[in-house]
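> prediction below, plus the sequence it came from.
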Amino acid sequence: MSLDTLTLPQSDLDPFSTAFFDDPFPEHERLREAGPVVWLERYGIYGVARYAEVHQVLNDWATFCSSRGVGLQDFSREKPWRQPSLVLETDPPEHDRARKVLARVLSPVAMRELRDGFAEAADALVRRVINRDIDGIADLAEAFPLSVFPDRIGLRQDGREHLLPYGGLAFNAFGPDNTLRREAMDRAMPHVAWVTEQCRRENLAPDSLGARIHAAADTGEITPDEATLLVRSLLTAGIDTTVNGIGAALYCLARFPDQFQALRADPKLARNAFEEAVRFESPVQTFFRTTTREVELSGTTIPEGAKVLMFLASANRDPRRWDRPDAYDVTRKTSGHVGFGSGIHMCVGQLVARLEGEVLLEALARHAASIEITGQPVRAYNNTLRGLKALPLRIS
């Protein structure tokens with residue numbers, strides 16, 4: 001530990017422990033109050049938990065890079081466990097080339113083309129669960145994205161049971177070499193093999209989103225191998241982000257019935273209710289960056305090659321940025337939350353997640369009178385994602 005780090009607020013917190021995952025919010029407050037930059041002794045890294053610093057790190061890719069890994073692993077010193085994502089784990093100019101292709105494939109116009117089909121599927125699903133005891137995660141949060149998004153990507157029907165385990169693996173891998181990461185890696189091979197194979201051009205349906213990504217290889221914008229990686233990135237971001245975002249929204253609306261009633265009174269609040277759930281629960285809890293040079297951050301000098309852990313969830317409840325941060329409010333102006341990141345590396349699946357979250361909550365607002373928790377929710381543990389494994393609900 002250097003003399004500079006000795007002068008920083010110190011924390012022995014393990015942000016990758018199940019005890020922390022069970023209730024991270026008190027620790028978030030302690031980190032925010034400790035200072036703008038905190039030294040996390042257990043891993044020998046810098047941590048930022050306030051909104052201002054998290055936002056600054058996210059938006060300065062040249063100083064806080066992603067190309068050395070957005071997890072604890074430093075790609076300049078260790079071999080990545082898989083070929084790095086072309087959008088999440090690269091920086092300009094490589095990142096810009098890939099992002100341009102995805103931005104075109106997932107344009108607002110493309111989202112409008114998807115909307116009617118997604119809304120129809122959401123409406124049908126909600127009608128099926130009315131007046132039933134269900135698991136909100138399996139029967140809604142997972143069932144809806146898995147029923148609509150893989151089809152639009154162009155995946156074949158068989159083998160889709162690999163999608164959720166693969167996404168969980170990818171996000172677990174951003175953490176340290178703990179039990180969660182090791183167990184995920186031990187189970188990885190069949191999921192990685194299936195997903196990689198299905199993302200190849202010959203296995204995707206014509207005129208699907210996946211096929212449109214591969215079409216960019218014909219114009220030389222990307223290579224055929226890069227197109228496969230981009231389809232993989234879209235699958236990871238477009239399913240896990242959405243599943244956990246919808247799960248968070250259901251959990252919030254069930255715990256705060258007055259907010260569900262406000263949504264029922266004005267179903268047009270559905271998009272905002274989803275956004276507020278992403279801010280409030282932060283399905284993506286943390287990400288790392290690596291410094292490319294010595295930099296001063298809020299009075300702290302951080303050397304080149306240092307890992308900086310951003311507590312996105314803490315930033316999303318920082319009272320320096322949000323009024324009543326610990327309240328779930330479907331009418332809140334949520335613009336600026338970092339639940340999907342910020343800057344050039346903002347989540348590639350955000351438009352899909354927002355569309356799916358909106359149409360499903362809108363369908364619930366139209367057809368359901370109440371959402372009640374009928375049993376003990378069960379948390380799912382992941383080094384990066386916050387979500388539930390089970391959420392017993394009664395939709396009436």
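Sure, I can see it.

> not counting its neighbours along the chain, what's nearest residue 355?
residue 111 (5.5 Å; Cβ to Cβ, 6 or more residues apart in numbering). Yep, even glycine has a C-beta here, placed from its N, CA and C like the rest.

> sec struct for residue 251, please.
When classified by DSSP: H, G, I helix; E, B strand; the rest coil, residue 251 comes out as helix.

> helices of the stretch 101-250 of the chain, start to end?
Here the stretch 101-250 of the chain has its helices, by DSSP state H, counting those that start in this stretch, at 108-129, 136, 143-153, 163-172, 179-186, 188-198, 209-218, 224-255.

> quick one: the longest one to chain centroid distance?
A distance of 7 Å separates the centroid of the chain from that of helix 224-255, by Cα atoms, centre = their mean, to the nearest Å.

> can you give me the mean pLDDT across that helix?
Mean pLDDT, computed over helix 224-255, is 92.

> now stretch 136-154
95.

> same question for that stretch: list its buried residues.
Buried residues in stretch 136-154, defined by neighbour count with 16 or more other Cβ atoms under 10 Å: 136-137, 139-146, 148-154.

> follow-up on the earlier one: from residue 103, how far out is the residue nearest to residue 355?
From residue 111 across to residue 103, the span is 12 Å (Cβ to Cβ, to the nearest Å).

> can you check residue 322 too?
Where residue 103 is concerned, residue 322 sits at a distance of 29 Å (Cβ to Cβ).

> cool, and residue 67?
19 Å.

> what does residue 109 give?
The separation that residue 109 has from residue 103, given Cβ to Cβ, amounts to 11 Å.

> between these two, which one's more packed in?
residue 103 (14 against 8; other Cβ atoms under 10 Å).

> count of neighbours near residue 299?
9.

> who's in contact with residue 255?
Counting by Cβ atoms under 8 Å, 6 or more residues apart in numbering, residue 255 touches 328, 373.

> can you show me the strands along the stretch 201-350 of the chain?
Under the criterion DSSP state E, counting those that start in this stretch, the stretch 201-350 of the chain contains strands at 286-291, 295-297, 300-302, 307-311.

> how about those strands in CSV, adding mean neighbour count and distance to residue 389?
Conversion of the strands of the stretch 201-350 of the chain to CSV gives the following (neighbours: other Cβ atoms under 10 Å; distance: least, Cβ to Cβ, whole Å):
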stretch, mean neighbour count, distance to residue 389
strand 286-291, 24, 20
strand 295-297, 15, 36
strand 300-302, 19, 37
strand 307-311, 24, 23
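
> from residue 362, how far out is residue 9?
44 Å.

> just name the shakiest helix or strand of this protein by mean pLDDT.
helix 3-6 (a mean of 66; mean pLDDT, DSSP states H and E).

> list the contacts for the nearest residue to residue 159 once chain neighbours are set aside?
Distances taken as Cβ to Cβ, 6+ apart put residue 194 closest to residue 159, at 5.4 Å, once the chain neighbours are dropped. Shown in contact with residue 194 (Cβ under 8 Å, 6+ apart): 159, 162, 166.

> of the residues you listed, buried ones?
Buried among these (16+ other Cβ under 10 Å): 162, 166.

> quick one, which of the helices of the stretch 101-250 of the chain is packed in tightest?
Most buried of the helices of the stretch 101-250 of the chain by mean neighbour count (mean count of other Cβ atoms under 10 Å) is helix 136; its value is a mean of 28.

> contacts for that one next, please.
So helix 136 is contacted by 247, 250, 251, 254, 388, 391, 392, 393 (Cβ under 8 Å, 6+ apart).

> ok, now stretch 84-94?
Applying Cβ under 8 Å, 6+ apart, the set of residues contacting stretch 84-94 is 61-62, 65-67, 69-70, 75, 80, 95, 98-99, 102, 222, 226, 229-230, 232-233, 236-237, 344-345, 348.

> switch to 6 Å and redo it
61, 65, 66, 67, 70, 98, 99, 226, 229, 230, 233, 348 (Cβ atoms under 6 Å, 6 or more residues apart in numbering).

> for residue 261, state which of these is nearest.
Nearest to residue 261 out of the contacts of stretch 84-94 is residue 348 (Cβ to Cβ; 34.3 Å).

> what's near enough to touch that closest one?
87, 102, 233, 237.

> look up how far residue 217 lies from the closest residue to the second one other than its chain neighbours.
This points to residue 102. Of all residues not flanking residue 102 in the chain, residue 348 sits nearest, at 5.4 Å (Cβ to Cβ, 6+ apart). For residue 348, the distance to residue 217 equals 18 Å [Cβ to Cβ].

> so where is the chain shaky, pLDDT-wise?
Within the chain, the segments meeting pLDDT under 70 span 1-4.

> hmm, 80 instead?
1-6, 236-238 (pLDDT under 80).

> how much space between residue 339 and residue 394?
28 Å.

> the two: who's more crowded?
residue 339 (27 against 18).

> hmm, that one is touching residue 277, no?
No. Using Cβ atoms under 6 Å, residue 339 makes no contact with residue 277, being 8.8 Å away.

> the residue nearest to residue 355 is in contact with residue 356, isn't it?
No. With contact defined as Cβ under 6 Å, residue 111 does not reach residue 356; the gap is 10.3 Å.

> quick check on residue 395: phi, psi?
Dihedral angles of residue 395 (phi, psi; degrees, to the nearest 10) stand at phi -100, psi 120.

> no wait, residue 327
phi -110, psi 140.

> what of residue 383?
Dihedral angles (degrees, to the nearest 10) for residue 383: phi -60, psi -20.

> nearest spatial neighbour of it, chain-adjacent residues omitted?
residue 175 is the one closest to residue 383 (Cβ to Cβ, 6+ apart), at 2.7 Å.

> wait, the one you found sits on residue 16?
Yes. With contact defined as Cβ under 6 Å, residue 175 and residue 16 form a contacting pair (4.7 Å).

> more neighbours, the two?
Legend: neighbour count by other Cβ under 10 Å for residue 175 and residue 16, higher for residue 16 (26 against 21).

> done for today, thanks.
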